[in-house]
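Student: sequence and predicted structure are below.
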Amino acid sequence: MLSVEDLYVNYGTLRIIQGVSMKIEDGEMISLVGSNGAGKTTLLKTISGLKKPESGKILLDGEDISALSPDRIVARGLVQIPEGRKLFPQMTVQENLELGSYLKEAKKKRKETLAYVYEMLPDLKKKAAMPAGSLSGGQQQMVAIGRGLMACPKILIFDEPSIGLSPLLTDIMFEIIRKIKDSGTTVMLVEQNVQNALKMADRGYVLEQGRIAMEGRAADLLENEELKKSYLGI
C-alpha cells in the first residue's frame, strides 16, 4: 500500500533522512522505532506532505505522492495522528472530531463514521459536548485518534501516541490501535516504547541517524541481541 524508495530529506544543509526505503502492505501493521533524534518525525512529516524530499519517492497504491500537498494526501487515504495531539482545546470533542471529515468524500459519510468512532471510543460520546482542552491526556489522545478515523483512512500513521501517558493508559491506547488494525485499517506505528510497539506489529524497522539499521519480522527483532541491548536495556 505504501512504499518509500531511497528517500533523502534535508533541513537546510543538514541531511536528516539518508536513503530510507520501506514498505507497508495492505492490512499490515508495521512499527518504526528509534531513539530521539533518529529522524522518525521528519520521515513522517515527509510521508504526510508537510516536508518535501530532496530525492526519492513515496508511493501510495502505486501513485507517487511525493510532491502532493497534505490535504491531497489525506484525500487519498493516508492520515497521520500527530505527536502532541494538536487539538483545538476550546472547541468541543465532537467539533474536533468533525474537523477530521472536512474533505468531500469523508463529509458524505460523517454521520456513519461518527457513530463508528463513538462505538470504538465510547468515552468520547459521553464527553461530546465538553471542550477538548478539559479532558485528560489519555482522553485527548482518543479525540486525536477519533479525528483521524473521521477522515476514513486507508492507512493510519501514529506518531508517538503513548507520550505523556501512564502505563495503564498506554496499555489502553495500544489496545485501541490493535482494534483499529483488526478492523482492516493499515497501521504504521512510530513509538519510543519499543517492546510494546514490536509486540503488536507484523514487521518492524529500526531507524538510526536517518538510516534503516534493522528490519524484519517484529517477533524476530524482539529477539535481536543488538536491539535488546540498545533499546530494551537487556
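Tutor: Ah, there it is. Numbering: from 1, shown residues only.
Student: run through the residues that contact residue 57.
Tutor: Residues near residue 57 by Cβ atoms under 8 Å, 6 or more residues apart in numbering: 3-7, 64, 66. Every C-beta, even on glycine, is put in place using the N, C-alpha and C of the backbone.
Student: and which of those is nearest residue 36?
Tutor: residue 7 (20.2 Å; Cβ to Cβ).
Student: and the closest one, which of the three is it?
Tutor: Classification of residue 7 using DSSP: H, G, I helix; E, B strand; the rest coil returns strand.
Student: same question, residue 173
Tutor: helix.
Student: with residue 190 instead?
Tutor: Residue 190 is classified as strand under three-state DSSP.
Student: list the contacts for it?
Tutor: Taking Cβ under 8 Å, 6+ apart as the test, what residue 190 contacts is 31-33, 40-41, 44, 157-160.
Student: in the sheet, who's paired with it?
Tutor: Residue 190 forms beta bridges with residue 32, residue 159, as assigned by DSSP bridges.
Student: any idea how many residues pack against residue 69?
Tutor: 11 (other Cβ atoms under 10 Å).
Student: where along this protein do the strands fall?
Tutor: Ranges of strands in the chain, per DSSP state E, are 2-11, 14-24, 29-33, 55-60, 63-64, 78-81, 155-159, 186-191, 203-208, 211-217.
Student: now do the phi/psi pair for residue 127.
Tutor: phi -110, psi 20 (degrees, to the nearest 10).
Student: what's the closest non-adjacent residue to it?
Tutor: In this structure, residue 127 finds its nearest non-sequential neighbour in residue 93, 5.2 Å apart by Cβ to Cβ, 6 or more residues apart in numbering.
Student: from memory residue 6 sits against residue 55, does it?
Tutor: Yes - contact status for residue 6 versus residue 55: in contact at 7.2 Å, counting by Cβ atoms under 8 Å.
Student: thinking again about what came up before, adding mean pLDDT, write the strands of the chain out as a markdown table.
Tutor: Shown next, in a markdown table, are the strands of the chain (pLDDT from 0 to 100):
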| stretch | mean pLDDT |
| --- | --- |
| strand 2-11 | 95 |
| strand 14-24 | 95 |
| strand 29-33 | 94 |
| strand 55-60 | 97 |
| strand 63-64 | 96 |
| strand 78-81 | 95 |
| strand 155-159 | 95 |
| strand 186-191 | 94 |
| strand 203-208 | 93 |
| strand 211-217 | 93 |
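Student: and residue 128, which of these is closest to it?
Tutor: Closest among the strands of the chain, using Cβ to Cβ: strand 78-81, at 19.3 Å.
Student: what sits up against the closest one?
Tutor: For strand 78-81, using Cβ under 8 Å, 6+ apart, the contacting residues are 2, 44, 47-48, 60, 65, 100, 144-145, 147-148, 151, 153-159, 161.
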